[in-house]
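> Give me a model of this one.
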Amino acid sequence: MILASAQIKAEVGKIEKNLEQHIKMIWLATEQNADIIIFPEMSLTGYCREEAKRLAISIKSKYINLLENISKEKQIIIVVGAPVVIDNELYIGSFVIQPNKPTEIYTKQYLHDGEELFFKSSFDYNPTITINDDQLHFAICADIDNEKHPEKAASNNCNIYLPSIFFSENGIQSGHKTLEDYSKKYNLHILMSNFCGEHWNINAGGRSAFWNNNGKLLCELDNNSPGIIIAEKKNNETWNTKSIQV
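Numbering: from 1, shown residues only. Here you go, the predicted model:
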């Protein structure tokens with residue numbers, strides 16, 4: 001199994017432009033024979049609040065349809081983020097796009113302060129996927145600030161935890177420490193994706209990373225350059241990793 005995490009510079013509201021970066025990173029991942037690639041929180045739209053309802057993306061949108069076609073053609077699972085409306089409620093979502101299967105939506109379960117003014121949270125939309133004998137569980141940003149989230153994932157036999165985040169330059173160090181602790185405590189391999197560069201009028205933290213289930217940081221990107229991390233599982237205990245910055 002080969003996992004990929006994409007680190008991108010996105011612009012809020014520039015969906016077409018952001019999508020071009022997604023496709024570029026997906027091509028890089030497929031060249032490495034990745035089974036799955038994850039992107040940061042609200043990667044398609046850029047992180048937003050006030051603009052979220054206007055920018056919300058439907059599961060039937062042309063953008064998701066395009067990514068579904070790429071997923072099927074390249075046989076890769078693609079996980080991208082955007083605001084999404086479900087039953088007239090607005091959520092922060094991740095679209096889980098799988099070859100030859102219907103697209104599913106994971107919704108953020110724990111919100112940052114202030115997000116509750118614009119979004120709902122829900123535990124009802126919580127798909128997991130299995131690759132070979134590994135169970136993968138998704139997370140979005142503030143989900144990782146509540147330890148109940150990785151704890152529940154582990155109790156449901158998850159062994160690979162995939163947070164899509166937007167952490168600032170000032171917050172990413174604590175984010176790293178949190179994920180390191182979770183990896184050891186809950187026996188999780190963790191692959192995280194973050195934005196880089198200036199985003200939402202602050203400096204994004206970058207440093208997308210992969211930890212093994214002993215809490216060892218095996219690979220990370222820098223704080224300002226787009227790129228991908230590749231983590232290849234060789235056996236139950238060994239991972240080969242590398243970064244490709246573009």
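
> Which of the helices or strands spans Pro83?
Element membership for Pro83, per DSSP states H and E: strand 77-86.

> Send me that strand as PDB with only the CA atoms.
Provided in PDB are the C-alpha atoms of strand 77-86 (Å, rounded to 0.1, in the frame of the first residue of the first chain):
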ATOM      1  CA  ILE A  77      -8.600   7.200  -4.100                       C
ATOM      2  CA  ILE A  78      -8.800  11.000  -3.900                       C
ATOM      3  CA  VAL A  79      -9.800  12.900  -0.700                       C
ATOM      4  CA  VAL A  80     -10.500  16.600  -1.200                       C
ATOM      5  CA  GLY A  81     -12.100  19.200   1.000                       C
ATOM      6  CA  ALA A  82     -14.800  21.900   0.600                       C
ATOM      7  CA  PRO A  83     -17.900  23.300   2.300                       C
ATOM      8  CA  VAL A  84     -20.900  21.100   1.500                       C
ATOM      9  CA  VAL A  85     -24.600  21.300   2.000                       C
ATOM     10  CA  ILE A  86     -26.400  18.200   3.200                       C
END
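
> Beta-bridge partners for the nearest residue to Asp124 once chain neighbours are set aside, please?
Spatial nearest neighbour of Asp124, excluding adjacent residues (Cβ to Cβ, 6 or more residues apart in numbering): Thr107 at 7.5 Å. The way it works is simple: take the backbone N, C-alpha and C, and place the C-beta from them, glycine included. Here Thr107 sits in beta bridges with Gly93, going by DSSP bridges.

> how much space between Thr107 and Glu31?
31 Å (Cβ to Cβ, to the nearest Å).

> who has more neighbours, these two?
The neighbour comparison of Thr107 against Glu31 (other Cβ atoms under 10 Å) goes to Thr107, with 22 against 12.

> isn't the residue nearest to Asp124 right up against Phe138?
No: counting by Cβ atoms under 8 Å, Thr107 does not reach Phe138; the two are 9.7 Å apart.

> what residues are shared contacts of the two?
Common neighbours of Thr107 and Phe138, using Cβ atoms under 8 Å, 6 or more residues apart in numbering, are Ser94, Asn126.

> My read is that Glu41 contacts Ser164, right?
Yes: when contacts are counted by Cβ under 8 Å, Glu41 is listed as touching Ser164 (5.0 Å).

> These two: who's more crowded?
Comparing Glu41 with Ser164 by neighbour count (other Cβ under 10 Å), the higher total belongs to Ser164, at 30 against 25.

> ok, Phe138 - contacts?
Val79, Ser94, Val96, Tyr106, Asn126, Pro127, Thr128, Leu162, Pro163, Ser164.

> Would you mind giving me the PyMOL syntax to select the buried ones in those?
Those of those that count as buried under 16 or more other Cβ atoms under 10 Å are selected in PyMOL with:
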select buried, resi 79+94+96+106+126+128+162+163+164
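
> for the contacts of Phe138, which one is nearest Asp181?
Nearest to Asp181, judged by Cβ to Cβ, of the contacts of Phe138 is Pro163 at 13.2 Å.

> correct me, but the closest one touches Ile140?
Yes: shown here, Pro163 and Ile140 form a contact pair, counting by Cβ under 8 Å, at 7.3 Å.

> If you count neighbours, what's buried in the strand holding Pro83?
So, applying 16+ other Cβ under 10 Å, buried residues of strand 77-86: Ile77, Ile78, Val79, Val80, Gly81, Ala82, Pro83, Val84, Ile86.

> In this structure, mark out all the helices, start to finish.
15-31, 52-55, 62-74, 148-155, 172-185 (DSSP state H).

> any chance of those in CSV, plus mean pLDDT?
Formatted as CSV, those follow (pLDDT from 0 to 100):
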stretch, mean pLDDT
helix 15-31, 98
helix 52-55, 98
helix 62-74, 98
helix 148-155, 98
helix 172-185, 98
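
> and these as CSV, adding distance to Ile244?
Listed next are the helices of the chain as CSV, based on distance: least, Cβ to Cβ, whole Å:
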stretch, distance to Ile244
helix 15-31, 6
helix 52-55, 29
helix 62-74, 17
helix 148-155, 27
helix 172-185, 20
